[in-house]
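Asks: after the sequence you'll find the predicted model.
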Amino acid sequence: MTRPILSTRGLCKDYGNGQGCFDIDFELYPGEVLGIVGESGSGKSTLLATLAGKLAADRGQVRFLDRDGMAHELTCLPEAERRRLARSEWGYVTQHARDGLRMNVSAGANISERLMALGERHYGRLRERAGDWLDKVEIGADRLDDKPSAFSGGMQQRLQIARNLVTQPRLVFMDEPTGGLDVSVQARFLDLTRRLVHDTGIAVIMVTHDLGVARLLAQRTLVMQRGRVVETGLTDQILDDPQHPYSQLLVSSILQA
């Protein structure tokens, strides 16, 4: 029986303004894309940052299964071990690519940095791997020595994907990955992401306010309101037949737009 790559039990992150997350339970399996949706302030980005160890949980458990089958309790993991896992076992794609890239070095150096953190030092292999990934994200290996500042917003976001996937992580966190892109650029980015998820078999946890993005990428979806999950299930079922009044309101607001 397949074991979940990530599981949470009673996960809580408290904020005085009520924008934290409370009593979160779910399981994520290899190759699965889980969407987290809700309006601004619902706690979805707080949940993502807590899962990834960027914020310390106040209560609960987050258990991650690495590629060797070893389980790690992320809420009490030493910082050095968390950083090792963040370099090798998972990635984190930010809404604004500039927050996830080193803008003062080349595209190739951005991609190679994670490989070097895992011990790769051969210059030729680093350039070859970086060029391969630029081709995979439809930028082109001929842009290897260009800095991200020379790229469009969509290209920067695709570069951020390459930077994260080059080390073949098992899990990628995505925080509003299409939020800063216009509609035509969004479509290309989503098609690319869907193909890469299929080809690599990575698991993804994706925060988005866009229900259309959730429908395209996520097999399952959590709906959050005021820091709590109010509905969870297959994405198409939630969007076509929402059960919770808040989910119904979210879906109807899209239909009326």
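Replies: Right, received. Where do you want to start? Numbers count the residues shown, from 1 in each chain.
Asks: can you pull out the strands in the stretch 51-200 of the chain?
Replies: In the stretch 51-200 of the chain, the strands defined using DSSP state E, counting those that start in this stretch lie at 59-65, 71-73, 90-93, 171-175.
Asks: compare those strands and give me the one nearest residue 48.
Replies: Closest approach to residue 48 among those is made by strand 171-175 (5.5 Å; Cβ to Cβ). For glycine as for every other residue, the C-beta is placed from the backbone atoms N, C-alpha and C.
Asks: now render the strands of the stretch 51-200 of the chain as a markdown table, adding distance to residue 239 and mean neighbour count.
Replies: Output for the strands of the stretch 51-200 of the chain, formatted as a markdown table (distance: least, Cβ to Cβ, whole Å; neighbours: other Cβ atoms under 10 Å):
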| stretch | distance to residue 239 | mean neighbour count |
| --- | --- | --- |
| strand 59-65 | 27 | 18 |
| strand 71-73 | 33 | 12 |
| strand 90-93 | 23 | 23 |
| strand 171-175 | 19 | 24 |
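Asks: how about CSV for these, with mean pLDDT and distance to residue 14 added?
Replies: Below are these laid out as CSV (pLDDT from 0 to 100; distance: least, Cβ to Cβ, whole Å):
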stretch, mean pLDDT, distance to residue 14
strand 59-65, 95, 8
strand 71-73, 94, 20
strand 90-93, 94, 22
strand 171-175, 96, 20
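Asks: and the gap between residue 106 and residue 167?
Replies: Distance of residue 106 to residue 167, computed by Cβ to Cβ, to the nearest Å: 18 Å.
Asks: one more: residue 158?
Replies: 17 Å.
Asks: contacts only, for residue 57.
Replies: Taking Cβ atoms under 8 Å, 6 or more residues apart in numbering, we find residue 57 in contact with 11, 12, 13, 50, 75.
Asks: got a winner among these for most neighbours?
Replies: Greatest neighbour count in the contacts of residue 57, by other Cβ atoms under 10 Å, goes to residue 50: 25 neighbours.
Asks: once you drop chain neighbours, what's closest to that one?
Replies: Spatial nearest neighbour of residue 50, excluding adjacent residues (Cβ to Cβ, 6 or more residues apart in numbering): residue 13 at 4.7 Å.
Asks: the one you found touches residue 55, doesn't it?
Replies: Yes: the pair residue 13 / residue 55 is scored as a contact, 5.8 Å apart, by Cβ atoms under 8 Å.
Asks: shared neighbours of those two, anything?
Replies: With Cβ under 8 Å, 6+ apart as the test, residue 13 and residue 55 both reach residue 46.
Asks: excluding its backbone neighbours, what's nearest residue 2?
Replies: Nearest residue to residue 2, sequence neighbours excluded (Cβ to Cβ, 6+ apart): residue 29, at 5.9 Å.
Asks: same check on residue 117?
Replies: Spatially, and ignoring its direct neighbours in sequence, residue 117 is nearest to residue 87 (4.7 Å; Cβ to Cβ, 6+ apart).
Asks: my guess is the one you found contacts residue 116, does it?
Replies: No: with contact taken as Cβ under 8 Å, residue 87 and residue 116 are classed as non-touching, separated by 9.8 Å.
Asks: so which of the two has more stuff around it?
Replies: residue 87 (17 against 12).
Asks: contacting residues around that one?
Replies: For residue 87, the contacting residues are 114, 117, 118, 167, by Cβ under 8 Å, 6+ apart.
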